[in-house]
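Enquirer: Using only what follows, build the 3D model:
(one chain, ligands or ions: 1)
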Amino acid sequence: MSDAPKTLWVLHGPNLDRLGRREPEVYGRQTLADIDAACAGLARALGFAHESRQSAHEGALIEWLHEAADTGAAGVVINPAGYTHTSVALRDAIAAIDVPVVEVHLSNVHAREAFRHVSLTAAACAGTIAGLGAEGYLAALRYLAARAS
Ligand code: DQA
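Expert: Predicted coordinates for the structure are as follows:
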């Protein structure tokens, strides 16, 4: 058996590449690079490797979920962004893999427009964190690391 550390994946959906300048009153001033750096640092400190990817494309997110599973990921943190509220295919991809997935939202989606109160993806996930900003990603990584250890 290999002693290589297992990988904690972080997947970001559409428009999250614009964090820092996208509706900062809702999403804060941190950029995606800031969040990824914090996630990478924490994953390493917890003894895991880290892989972070962002796409506006539903199919890319789906294929990365498959790849995470096929390469033996310890867990996946995903912010599906707008696809949270629309994507049966993303929900099915999460359900199709045997890797724990945690859904994260920077904003408190439950305190926003009614269409954001519905998540098609959440029921396929181990849990959901919303409204804690970038700290939500770190809490999700801690949970997945503990679960894998
Ligand atoms: C979001 C919330 C979604 O409703 C929205 O479409 C996003 C970001 C969040 O992180 O708060 O793009 O997932």
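Enquirer: Trp9: what secondary structure?
Expert: The local conformation at Trp9, judged by DSSP: H, G, I helix; E, B strand; the rest coil, is strand.
Enquirer: give me the number of residues near it?
Expert: Neighbour count for Trp9, taken as other CB atoms under 10 Å: 28. In this view, the C-beta of every residue, glycine as well, is placed from N, C-alpha and C.
Enquirer: Show the contacting residues for the most centrally placed residue in the chain.
Expert: Centrality entry for the chain: nearest residue to the mean C-alpha point is Ile78, 1.8 Å, by CA atoms, centre = their mean. By CB atoms under 8 Å, 6 or more residues apart in numbering, Ile78 lies in contact with 10-13, 61, 65, 94, 101-104, 121, 125.
Enquirer: in a strand, that's where it is, yeah?
Expert: Yes - Ile78: assigned to a strand according to three-state DSSP.
Enquirer: Buried residues of the lowest-mean-pLDDT helix or strand in the chain, list them for me.
Expert: The weakest-scoring helix or strand in the chain, judged by mean pLDDT, DSSP states H and E, is helix 24-27 (a mean of 92). Within helix 24-27, the residues scored as buried using 16 or more other CB atoms under 10 Å are Tyr27.
Enquirer: Past that helix, which element shows up next along the chain?
Expert: The helix or strand immediately downstream of helix 24-27 is helix 32-45, counting by DSSP states H and E.
Enquirer: Who are the packing partners of that next one?
Expert: strand 7-12, strand 49-54, helix 135-148 (3 or more CB pairs under 8 Å, 6 or more residues apart in numbering; DSSP states H and E).
Enquirer: The second one and the ligand in contact?
Expert: No - judged by CB under 6 Å from any ligand atom, strand 49-54 makes no contact with the ligand; its nearest approach is 11.4 Å.
Enquirer: Export that strand to PDB, keeping only CA atoms.
Expert: Listed next in PDB are the C-alpha coordinates belonging to strand 49-54 (Å, rounded to 0.1, in the frame of the first residue of the first chain):
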ATOM      1  CA  ALA A  49      -2.900  16.500  -0.300                       C
ATOM      2  CA  HIS A  50      -5.200  19.200  -1.800                       C
ATOM      3  CA  GLU A  51      -6.700  19.600  -5.300                       C
ATOM      4  CA  SER A  52      -8.800  22.700  -6.100                       C
ATOM      5  CA  ARG A  53     -10.700  23.400  -9.300                       C
ATOM      6  CA  GLN A  54     -13.300  25.900 -10.600                       C
END
